[in-house]
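*Asks:* For reference, the sequence and a predicted model appear below.
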Amino acid sequence: MTAASLHLKLGGMHCSLCVTSVERALRRLPGVEQVHVSIAHEEVLVRYDPQRVTPGEIRRTLEALGFAPREPDEAARLAAEERELAQARRKALQAGILLLLTSGLMLAGHVSGPSPAGMLAMAGASAFTRRPDRPDLSSSATAGNPCAGGFSTRMCSSRPRPWPASPGALPAF
C-alpha cells in the first residue's frame, strides 16, 4: 500500500471548532490515515490510501462541511511574500534615513547651540514619524496626567511617595 498526500487551502475556516470538525469528518472516511489542519494558514494536509478513497471524495466531504477547498497557489504565495519583504526593506531604509537625519540635526544643535531652524527641523522629523495608529501623548486627553500614555505608574511623578521629603526623617510604617 502506498499512501498519497493531498494539500488543500480551505476557505471559511475561522476557529478551533472548524479544525476539529474537519479532522473528525476526514478521519471517518475509509482510507484516510492522517489529517493535519492549520487554522493560521487555512490549510489541510491529508495522507490517504488511494485504493480506498479518492481526492474527489475528500473535497466533497470538505464542501459538505461548508468549506471551500482549493489547490494551494504557490506562485501567489511567493509573490505575496516578496511584496511583504520589499515593503519591509522600504520601511527599514526610511527608518535609517530618518535616523541619520535626526542624528545629524541633534549633533548640529549640540555643536552650534539651539536655533529656531534646528527646532523646526526636529519638529518636522517628529511629525513625519508619527504613526496614526498610536495615541498622541500631547493630546488633551493626556494633558495634565503624567501617568497617561502607557507610562508606568510606579515611575509617575504625581504619585505620593511613602517617605518624607527631608533626608533625615524616616517614614512611619
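*Replies:* Yep, it's here.

*Asks:* Residue ranges of each domain in this protein, please.
*Replies:* 4-72, 76-129 (automatic domain parsing).

*Asks:* Quick check: which of the ones you listed has the most neighbours on average?
*Replies:* Of all these, domain 4-72 carries the top mean neighbour count, a mean of 15, counting by mean count of other C-beta atoms under 10 Å. C-beta: built from backbone N, CA, C; applies to glycine.

*Asks:* Tell me how far the helix ranked longest in the chain lies from the chain's centre.
*Replies:* Counting residues, the longest helix found in the chain (DSSP state H) is helix 74-112. Distance of helix 74-112 from the chain centroid (C-alpha atoms, centre = their mean, to the nearest Å) equals 18 Å.

*Asks:* again with stretch 55-64
*Replies:* Taking mean C-alpha positions (C-alpha atoms, centre = their mean), stretch 55-64 and its chain are 33 Å apart.

*Asks:* next one: stretch 112-129
*Replies:* Stretch 112-129 sits 32 Å away from the centroid of its parent chain (C-alpha atoms, centre = their mean).

*Asks:* and what of stretch 39-47?
*Replies:* 21 Å.

*Asks:* Mean pLDDT for the domains of the chain - can I get that in CSV?
*Replies:* Below are the domains of the chain laid out as CSV (pLDDT from 0 to 100):
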stretch, mean pLDDT
domain 4-72, 89
domain 76-129, 82
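
*Asks:* sorry, back to before: what angle do the helix or strand following the longest helix of the chain and helix 74-112 make?
*Replies:* For helix 74-112, the following helix or strand on the C-terminal side (DSSP states H and E) is helix 116-129. Angle of helix 116-129 versus helix 74-112, following axes from the mean of the first three to the mean of the last three C-alpha atoms, to 10 degrees, is 160 degrees.

*Asks:* how about the CA coordinates for helix 116-129, as PDB?
*Replies:* Output in PDB follows, covering the C-alpha atoms of helix 116-129 (Å, rounded to 0.1, in the frame of the first residue of the first chain):
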ATOM      1  CA  PRO A 116      14.900  78.100  15.500                       C
ATOM      2  CA  ALA A 117      15.700  76.400  12.300                       C
ATOM      3  CA  GLY A 118      17.100  73.300  14.100                       C
ATOM      4  CA  MET A 119      14.000  73.200  16.300                       C
ATOM      5  CA  LEU A 120      11.700  73.400  13.300                       C
ATOM      6  CA  ALA A 121      13.600  70.600  11.600                       C
ATOM      7  CA  MET A 122      13.300  68.300  14.600                       C
ATOM      8  CA  ALA A 123       9.600  69.100  14.900                       C
ATOM      9  CA  GLY A 124       9.200  68.300  11.200                       C
ATOM     10  CA  ALA A 125      11.000  65.000  11.600                       C
ATOM     11  CA  SER A 126       8.900  64.000  14.600                       C
ATOM     12  CA  ALA A 127       5.700  64.900  12.800                       C
ATOM     13  CA  PHE A 128       6.800  62.800   9.800                       C
ATOM     14  CA  THR A 129       7.400  59.800  12.000                       C
END
